[in-house]
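Colleague: sequence first, predicted model second:
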Amino acid sequence: MKRSEIPFMPEFFDRYINRVADIELLDALSAFDRFEKIVPAETLTALGDSIYAPGKWTMKDIVQHLIDTERIMSYRALRFARNDQTILPGFDEDLFSTSAHATTRHLEDLLDEFAVVRQASIALFNSFDEEMLLRTGICFNKSVSVAAIGFILAGHPIHHGHVIQERYLPLLSATGLI
């Protein structure tokens, strides 16, 4: 299923979905199976623990956020694909971030973990047939299809890559690191 074939664009999540080209879902997920395809590891390492404003995340926090979100959204997709109509809650990304202690981990480990979690998501979505992809459920008080969740997963790292380029890369210029 292509992005243009999503039955309806879910409110709020469209900002992630619209970052993805109009390609097949599995191709979209596979295109960015490693976050380093969006932001090179050298850039992430150079930025280190830099933040562009108080209360913002470090590179490690961002990668951990991508991992956590990938797991949560995949779980939602599985529930909806299996026709479970339980309304699923949102999650507090800032609470997750402060509780994860990502800054105590090695960036390479986080990047590898993201790649493994993404491979699991690809396998999960590969198991869904068209009927399952068209099923919907409610999460974060928004109706969303399984297919849309897949494209959310594809677009979410792209979104954060743009944030890094727009808000974090100027920090390297200011410090003379690039």
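Modeller: Received the coordinates, thanks.

Colleague: summarise which helices and strands the helix or strand bottoming out on mean pLDDT in the chain is packed against.
Modeller: None of the helices or strands of the chain scores lower by mean pLDDT, DSSP states H and E than helix 169-175, at a mean of 83. Contact here means 3 or more Cβ pairs under 8 Å, 6 or more residues apart in numbering; DSSP states H and E; on that basis helix 169-175 packs against helix 41-47. Just so you know, the C-beta spots here come from the backbone N, C-alpha and C atoms, and that holds for glycine as well.

Colleague: quick check: buried residues in the least confident helix or strand of the chain?
Modeller: 169, 171 (16 or more other Cβ atoms under 10 Å).

Colleague: what's in contact with that helix?
Modeller: Identification of contacts with helix 169-175 by Cβ atoms under 8 Å, 6 or more residues apart in numbering yields 43, 46-47, 50, 52, 178.

Colleague: and the helix or strand harbouring Ile138, C-alpha only, in PDB?
Modeller: Following DSSP states H and E, the helix or strand that holds Ile138 is strand 136-139. Below are the C-alpha coordinates for strand 136-139, written out as PDB (Å, rounded to 0.1, in the frame of the first residue of the first chain):
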ATOM      1  CA  THR A 136      -8.500   1.200  12.300                       C
ATOM      2  CA  GLY A 137      -8.400   2.000  15.900                       C
ATOM      3  CA  ILE A 138      -8.200   4.900  18.300                       C
ATOM      4  CA  CYS A 139      -5.000   6.000  20.000                       C
END
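
Colleague: show me the residue at the heart of the protein, geometrically.
Modeller: Residue closest to the average C-alpha location in the chain (Cα atoms, centre = their mean): His156, at 3.5 Å.
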